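Peer 1: with the input below, show me the fold.
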Amino acid sequence: MPPSDLDARLLRAHAAEDRPALIKLYLEASQLAQTDIATGFYLTHAYVFALEAGDPRAAELKSKLIDMGREV
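Peer 2: Next up is the predicted model:
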């Protein structure tokens, strides 16, 4: 994926340590991903940030990762 507005927003969110924004942006990236590997990569990141933030979306993200065979 070439550099984009999404990449820039991800970099800003990382720099600001903005967990809610990181969850949202990694979810967005997972929806735009063109391969299963990329989708799993972005969903995993969203899941980790959701866990760190105590975000209720963590359960849904875990479920998606289980469906993809990437979590148990």
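
Peer 1: would you mind measuring from Val48 to His14?
Peer 2: For Val48, the distance to His14 equals 13 Å [CB to CB, to the nearest Å]. No exception for glycine: its C-beta is placed from N, CA and C like everyone else's.

Peer 1: so those two - more neighbours on which side?
Peer 2: Comparing Val48 with His14 by other CB atoms under 10 Å, the one with more neighbours is Val48, at 16 against 13.

Peer 1: buried ones in the one helix or strand that one maps to, by neighbour count?
Peer 2: If you go by DSSP states H and E, Val48 is part of helix 36-53. Going by neighbour count (16 or more other CB atoms under 10 Å), the buried part of helix 36-53 is 39-50.

Peer 1: in CSV, list those residues along with distance to Leu25 and pLDDT.
Peer 2: Formatted as CSV, the buried residues of helix 36-53 follow (distance: CB to CB, whole Å; pLDDT from 0 to 100):
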residue, distance to Leu25, pLDDT
Thr39, 14, 97
Gly40, 16, 97
Phe41, 13, 97
Tyr42, 9, 98
Leu43, 12, 98
Thr44, 14, 98
His45, 9, 98
Ala46, 8, 98
Tyr47, 13, 98
Val48, 13, 98
Phe49, 9, 98
Ala50, 12, 98
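
Peer 1: out of these, who's nearest Lys64?
Peer 2: Of all these, Leu43 has the smallest distance to Lys64: 5.8 Å, by CB to CB.
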